[in-house]
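Enquirer: one predicted model, sequence on top.
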Amino acid sequence: MGIIGVLLYSQGLLGPTFDIPFWVILSCQAAMGLGTLAGAGASCARWDRESLGCTPVQGFCAEAGGAITLFLVTHFGIPVSTTHTITGAIIGVGAARKTAAVRWNVATDVVLAWVVTLPAAALFGRRLLRDLQASFVMRPAGVTLRRIVALREGARLVRAASKSNSSKTAVVKRVQYGALPYRLRAGSRRPQFMLITSRETRRWVIPKGWPKKGRSPQYSAAREAFEEAGVLGAVAKRSIGSFSYEKRLKNGEVIVCDVRVFPLEVRRQSKQWPEKQERIVKWVSASHAAERVSEPTLGEIIRRLGRKYDGREGD
């Protein structure tokens, strides 16, 4: 339950507070019950025979000791494993008779398995989540799945340019894809545009990020819109312009990012999304959005898209 709860909380699906949902508790209890029914009881019995050879009285003491321990740790809110608890109780009963009664080589193998299981399960869970997110989980509507070979070619050209200028200080220019979320309200011809705050400088920006490996530019833009603002909708297949800005990396290096902008007509906004607690989201008019962003070129892109919908395209 703890691992599932941490994964849900890390993805912003539990809101601001860490409370394990009831369906997670119910699912885990059902899984443990079915596992016991399917053969966990036989495994514990085999452990009794191979490591100790408990008599009925000793088995009762081990089960009762494990149950009391579980009640106590549950009362104090300490997460433990029932299997680990009953195994420890069995070892304790055996050691009470005499230390040699416990087959310590078997106990050592069990402890080693416990140590290896937690990091191994964490790695498998992390890999599975990455694969699901990269394939079909929460896929924004209207996004094609074509593989864009131009992304690799562009990356190769950037690396080549960086190597050619290695003898002098040069600014590396890298490509990002951004979404410009907008909505058309009933009874109004003027669209509203969504802006979000950046995580570090708290300035007003649009959702943007690095290309997703093996995905089209519009998919990458739409994915960033969901992760940073929780919006889903129809994204345009072609960019309507680009703008540049300077980005400071974690190692202190400053690079120039060229952001290709894709309009995204918002159909709905999710109640939860990965970066909900890290950003402020605001709907504003085209003129206000253009004034709030720091990049003049982005402001002009917003004004141009706004004129397209309010009937002033030729102004």
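Expert: Structure's in. What do you need?
Enquirer: state the mean pLDDT of stretch 65-83.
Expert: On average, the pLDDT along stretch 65-83 is 79.
Enquirer: in the stretch 151-300 of the chain, which ranges drop under the pLDDT threshold?
Expert: 151-172 (pLDDT under 70).
Enquirer: can we see that at 80?
Expert: 151-173, 186-189, 250, 252 (pLDDT under 80).
Enquirer: report all helices and strands that the helix or strand containing Arg304 contacts.
Expert: In the assignment (DSSP states H and E), Arg304 maps to helix 296-310. Under the contact criterion of 3 or more Cβ pairs under 8 Å, 6 or more residues apart in numbering; DSSP states H and E, helix 296-310 touches strand 173-183, strand 192-197, strand 241-248, strand 254-269, helix 286-292. To be clear about C-beta, it is placed using only N, CA and C from the backbone, and glycine gets the same treatment.
Enquirer: okay if I get these as JSON lines plus distance to Ile20?
Expert: Output for those, formatted as JSON lines (distance: least, Cβ to Cβ, whole Å):
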{"stretch": "strand 173-183", "distance to Ile20": "32"}
{"stretch": "strand 192-197", "distance to Ile20": "29"}
{"stretch": "strand 241-248", "distance to Ile20": "37"}
{"stretch": "strand 254-269", "distance to Ile20": "25"}
{"stretch": "helix 286-292", "distance to Ile20": "39"}
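Enquirer: doesn't Arg279 make contact with Leu195?
Expert: No: applying Cβ atoms under 8 Å, one finds Leu195 not in contact with Arg279, separated by 9.9 Å.
Enquirer: which of the two has more neighbours?
Expert: Leu195 (23 against 19; other Cβ atoms under 10 Å).
Enquirer: leaving out sequence neighbours, find the closest residue to that one.
Expert: Trp204 (4.6 Å; Cβ to Cβ, 6 or more residues apart in numbering).
Enquirer: what about that neighbour, neighbour count?
Expert: Neighbours around Trp204, by other Cβ under 10 Å: 19.
Enquirer: oh, and call the first residue 42 from now on, that's how I've got it
Expert: In the new count, where the first residue is 42, that last one comes out as Trp245.
Enquirer: partners of it in the sheet?
Expert: Beta-bridge partners recorded for Trp245 (DSSP bridges): Thr238.
Enquirer: pull the contacting residues for it.
Expert: Leu236, Ile237, Thr238, Lys323, Ala330, Arg333, Val334, Ser335 (Cβ atoms under 8 Å, 6 or more residues apart in numbering).
Enquirer: what does Leu339 give?
Expert: With Cβ under 8 Å, 6+ apart, Leu339 has these contacts: Ile247, Phe284, Val300, Val302, Ala331.
Enquirer: how close does it sit to Arg333?
Expert: 10 Å (Cβ to Cβ, to the nearest Å).
Enquirer: go on, Glu287?
Expert: Taking Cβ to Cβ, one finds Glu287 at 18 Å from Arg333.
Enquirer: which ones are touching the nearest residue to Val216 once chain neighbours are set aside?
Expert: Nearest residue to Val216, sequence neighbours excluded (Cβ to Cβ, 6+ apart): Asp299, at 5.4 Å. Asp299 sits next to Lys214, Arg215, Val216, Gln217, Ser283, Phe284, Ser285 when contact means Cβ under 8 Å, 6+ apart.
Enquirer: the last one against Ser335, yeah?
Expert: This points to Ser285. No: judged on Cβ under 8 Å, Ser285 makes no contact with Ser335 at a distance of 11.5 Å.
Enquirer: wait, isn't Gln310 in contact with Gly274?
Expert: No: if you go by Cβ under 8 Å, Gln310 and Gly274 don't touch, sitting 9.2 Å apart.
Enquirer: so the two - more neighbours on which side?
Expert: Comparing Gln310 with Gly274 by neighbour count (other Cβ under 10 Å), the higher total belongs to Gly274, at 22 against 17.
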